[in-house]
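Colleague: coords below, sequence missing:
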């Protein structure tokens, strides 16, 4: 650790020096937060924290911080006074190499990079442990919302049974605009891009890949074993229509992109998909770019964590908290450990049971309704305030996806039914 | 520390022994949680944790745990193998003495006792620090909701500007029953008592004393200085009527008992009182016995923590998490420190500005309305769906309480106005 006890080369004593890799939105936010809240941070950390170097390959000739900026990685890694590295580069290639290099050199690493944590978490945590340093990533899920530490620490006396979350602000903003303003998906996406809430290439957000990495990280912490995000069935929101929203409204519910994981015995189920959420569920009221995570433990019951899931300062708040945590508990390795199991700990998504909302295109609705009742037995019809012509909507009983697929094939082959328009899962109580 | 490294008298090695003081609801819950979730707790704590003794002056002849029970305090305090004391006695007399005794003997203390923390926090934290042990109290606020640790750790990079909370489940249950079922206060209270949500003597809950201690504890942590609960203006909910609820509904709002604190420059304002909360505020949807705490930081923005604020297992979950935290970080003192200031850090509640909902009893409403508009200038009239005879309701502009008092006196002296029926503060955005 590079905690200095005396003056050296003009640097202050009792000062912790850190470096930031990547001077983008989050990286510059970390600098801003650490500077702005310097006195309070020093009180809580027990020592003053200062950013000594910022590594970025780009030029920032106008930056007031250009004295800190360097393009030379050696200047950062070889500086023995820098004991903590903040990795806010994003992406997984260079960030991965730099993280390994830092940990091997006995420097703590703090990151907001969910891609790296989800892909290389076990390896990097192991490397951190070997080198007696911490690898912390509170900012990788839920932006500024405290969730990683509450999950691993405050709820440590619980067996966690389930996690349900709105984990992506971009898609939640789009769905909120669709619901509130009646904009269709592509219009709402365009607006989100104009406002800076969605990237030029929005795939990672709208197809659920971002939420998938986040539920993988949360589940790995909650269940004490590594959940590989590549094994999580993931669907995005691009197929959600305004009609779906109106049916949801008729069910006193709303459509949300939900990251979900459930522990059943020794097995874990995880999924990212749109879901119909009852307005009685507090998560249904989480709108715009806000995120919320509901954790269900066997002692605490349900707890919810809510706040800004992204953005410069909220994310920087979480990164800086990890830095403070390391300084406050120097000498104690603060990392988690993730056991990598044999890889068969996941329940296949086709074997997981839930109820479904189904919309079918019909020739004439009476005939179709009879067919549906014959096939699905118990159905709850959903009738929007303004009915849609030539279609029917209903909620099924509880089925696995394999069972549903079979029943739907049967339905589609029935007289009066032309095709399936939508299948959206219901988020039931207890999930 | 009493961490055992080898077998002694049949006790296991690598085992941490704890004692529970008080075998009531929370105390027996702690035993239950630690036993039930033993394997997971051992993984997260790094060591097995076992309850070695339970101190209670009562007899429990039927208890399956009677081997652990003792009435002799010396048996607990003199046992060098017991390194952590869980204080769940409640009240402030014996619990205070026992806490001091434990800390002086170098034993860590974990408590759910908000009375002691609010009254003797600075002294006990100081005593813990002197003896190199921890005094932790996550369970003292918000039951099972992780809030103390997130506030002191996860949001450590923020200057906290405000805390707003529904901190008492009993009153929230009563208010929810009044709103939802149209029961009046005394009927709803009676039902809460029957269901075990309210005590036979419900004063501490319904008069806001419980919420007052909790906002004092949260504020002390958030602002890094001790906030004395005796300096917090506190009002309960016993004067809230069904009519008030109907006016709130007409404002698309709801009445909640709100614990509030705000930092303005170097000064702190704190208050417990009923407040009218807009349904746009996520805290307004927190119903029944649930609690929620909204923390506003200068980097993170608003974050909300939600869950069961009381109850056997949720509270035990928080107590056990503190125990695990101590075991995990042995050797590191985990306590907070609370600076006791000169005592003039609080803003007088009569000097704090907000808007108010006012109900007045009138002779004839037209005359009264003119008088109100003359006196208050800008008012927003509130008209419930079913109007009440001979009264008017309105929302004022922003005033201090001193200003309001003067204006109300003027109004009461006006022709057509008989008396003031209700004054309820509005919880405005940013509080």
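Modeller: Thanks, I have it. Since this is a predicted model, take the numbers as computed values, not measurements.
Colleague: list the contacts for residue A:352?
Modeller: A:262, A:269, A:271, A:400, A:401 (Cβ atoms under 8 Å, 6 or more residues apart in numbering or on different chains). Every C-beta, even on glycine, is put in place using the N, C-alpha and C of the backbone.
Colleague: I'd say the fourth one and residue A:351 touch.
Modeller: Yes - under the contact definition of Cβ atoms under 8 Å, residue A:400 touches residue A:351, with a separation of 5.3 Å.
Colleague: what is the burial count for the residue nearest to residue A:350 when sequence neighbours are not counted?
Modeller: Ranked by Cβ to Cβ, 6 or more residues apart in numbering or on different chains and with sequence neighbours excluded, the top spatial neighbour of residue A:350 is residue A:401, at 4.4 Å. Each residue near residue A:401 was counted by other Cβ atoms under 10 Å in any protein chain shown, and the total is 19.
Colleague: can you pull up the most central residue in chain A?
Modeller: Chain A has residue A:214 as the residue nearest its centroid, 3.3 Å off, counting by Cα atoms, centre = their mean.
Colleague: residues in contact with that one?
Modeller: Taking Cβ under 8 Å, 6+ apart as the test, what residue A:214 contacts is A:114, A:118, A:140, A:141, A:142, A:165, A:167, A:168, A:259.
Colleague: and which of these is nearest chain B?
Modeller: Nearest to chain B, judged by Cβ to the nearest Cβ, of those is residue A:142 at 9.2 Å.
Colleague: residue A:249 contacts residue A:386, correct?
Modeller: No - using Cβ under 8 Å, residue A:249 makes no contact with residue A:386, being 10.5 Å away.
Colleague: who has more neighbours, these two?
Modeller: Under the criterion of other Cβ under 10 Å, the comparison of residue A:249 against residue A:386 puts residue A:249 first, with 16 against 7.
Colleague: could I get the full set of helices for the stretch 51-200 of chain A?
Modeller: With DSSP state H, counting those that start in this stretch, the ranges of helices along the stretch 51-200 of chain A come out as A:73-77, A:94-104, A:114-130, A:148-149, A:169-181, A:185-194.
Colleague: out of those, which gets nearest to chain B?
Modeller: Taking Cβ to the nearest Cβ, helix A:148-149 is the member of these nearest to chain B, at 5.3 Å.
Colleague: what's the mean pLDDT across that closest one?
Modeller: Throughout helix A:148-149, pLDDT has a mean value of 94.
Colleague: quick one: it to chain centroid distance?
Modeller: For helix A:148-149, the separation from the chain centroid amounts to 13 Å (computed by Cα atoms, centre = their mean, to the nearest Å).
Colleague: now do the strands in the stretch 301-431 of chain A.
Modeller: Assigned by DSSP state E, counting those that start in this stretch, the stretch 301-431 of chain A shows strands spanning A:301-308, A:356-362, A:380-381, A:391-395, A:417-427.
Colleague: and the closest residue to residue A:347 other than its chain neighbours, its phi and psi?
Modeller: Distances taken as Cβ to Cβ, 6+ apart place residue A:269 nearest to residue A:347, at 4.1 Å, with adjacent residues excluded. Main-chain dihedrals, residue A:269, degrees, to the nearest 10: phi -120, psi 140.
Colleague: could you do residue A:300 as well?
Modeller: phi -80, psi -20.
Colleague: surely it and residue B:317 touch.
Modeller: Yes - between residue A:300 and residue B:317 there is a contact at 4.1 Å, judged by Cβ under 8 Å.
Colleague: which of those two has more neighbours?
Modeller: Shown here are residue A:300 and residue B:317; by other Cβ under 10 Å, residue B:317 has more neighbours (33 against 29).
Colleague: need the residues of the stretch 1-150 of chain A near chain B, please.
Modeller: For the stretch 1-150 of chain A, the contact set with chain B under Cβ under 8 Å from any Cβ of the partner chain comprises A:29, A:33-34, A:36-37, A:40-41, A:43-45, A:138, A:144-146, A:149-150.
Colleague: what's the most distant pair in those?
Modeller: Greatest spacing in the residues of the stretch 1-150 of chain A next to chain B, by Cβ to Cβ: A:36 and A:150 (24.7 Å).
Colleague: those two: who's more crowded?
Modeller: residue A:150 (25 against 17).
Colleague: which residue, other than its chain neighbours, is closest to that one?
Modeller: Closest to residue A:150 by Cβ to Cβ, 6+ apart is residue B:146, at 4.0 Å.
Colleague: where in chain A is pLDDT low?
Modeller: Residues of chain A that meet the criterion pLDDT under 70 lie in A:1-13, A:331-336, A:365, A:429-431.
Colleague: domain ranges for it, per the record?
Modeller: Structurally, chain A divides into domains by automatic domain parsing as follows: A:15-143, A:148-307, A:353-427.
Colleague: quickly find the element holding the residue nearest to residue A:228 when sequence neighbours are not counted.
Modeller: Sequence neighbours aside, residue A:216 is the residue nearest to residue A:228 in space, at 6.9 Å (criterion: Cβ to Cβ, 6+ apart). Assigned by DSSP states H and E, residue A:216 falls within helix A:209-222.
Colleague: immediately after that helix, which helix or strand?
Modeller: Per DSSP H and E, helix A:209-222 leads on to strand A:233-234 as the next helix or strand towards the C-terminus.
Colleague: residue A:94 and residue A:339, how far apart?
Modeller: According to Cβ to Cβ, to the nearest Å, residue A:94 and residue A:339 sit 28 Å apart.
Colleague: for these two, indicate the residue with more neighbours.
Modeller: Taking other Cβ under 10 Å, residue A:94 and residue A:339 do not tie; residue A:94 has more neighbours (15 against 12).
Colleague: burial of the nearest residue to residue A:229 once chain neighbours are set aside, as a residue count?
Modeller: Excluding the flanking residues, the one nearest residue A:229 by Cβ to Cβ, 6+ apart is residue A:216, at 3.7 Å. Neighbour count of residue A:216, defined by other Cβ under 10 Å: 26.
Colleague: ditto for residue A:312
Modeller: 18.
Colleague: so what's residue A:328 up against?
Modeller: Neighbours of residue A:328 in contact, by Cβ under 8 Å, 6+ apart: A:44, A:45, A:46.
Colleague: just the buried ones among those residues, please.
Modeller: When the contacts of residue A:328 are checked for burial by 16 or more other Cβ atoms under 10 Å in any protein chain shown, the buried set is A:44, A:45.
Colleague: closest one of the contacts of residue A:328 to residue B:417?
Modeller: The closest of the contacts of residue A:328, once distances to residue B:417 are taken by Cβ to Cβ, is residue A:44, at 52.0 Å.
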